[in-house]
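J.: heads up, no residue letters with this:
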């Protein structure tokens, strides 16, 4: 029954992770120039679903790492914010490299969606590595 001693911490981090996940999705879908959820719901747009799924995974990977390695909730929220910003910057970098991303997603161009999703996942993995490196600095 000792494992029940950690239940309050589990619920605290789980609840906060769900909260920041929905905040991230809300902000991300407002900032991107197309409305992913509307596209998915109304047009059954697979490209929008792939692109949004990549950003969700890319955001969630660092959150999982943060739950395991954060010193406290302040550290958790600070790095979650960093992860959010990295995902948004990643979207705009991909949009610069691949012009017309808004139209291509609306036209259900899976190839650009896969590039965007992969870039988002890479960015999430990158944030995981940065957090681990900065939390546990290597000694020369």
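T.: Happy to help now that I have it. None of the values given here were measured: they were computed from a predicted structure.

J.: starting at the chain centroid, how far to stretch 88-103?
T.: Chain-centre distance of stretch 88-103: 16 Å, with CA atoms, centre = their mean, to the nearest Å.

J.: name the residues that touch it?
T.: 27-28, 31-34, 55, 58, 104, 112, 115-116, 119-120, 123 (CB atoms under 8 Å, 6 or more residues apart in numbering). Every residue, glycine included, has its C-beta placed from N, CA and C.

J.: can you give me the buried ones in the lowest-mean-pLDDT helix or strand in the chain?
T.: Least confident helix or strand, the chain: helix 36-43 with a mean of 86, by mean pLDDT, DSSP states H and E. Buried residues in helix 36-43, defined by neighbour count with 16 or more other CB atoms under 10 Å: 36, 39, 40.

J.: same question for stretch 89-105.
T.: Neighbour-count burial for stretch 89-105 flags 90, 91, 94, 95, 101, 104, 105 (criterion: 16+ other CB under 10 Å).

J.: I appreciate the help and will end here.
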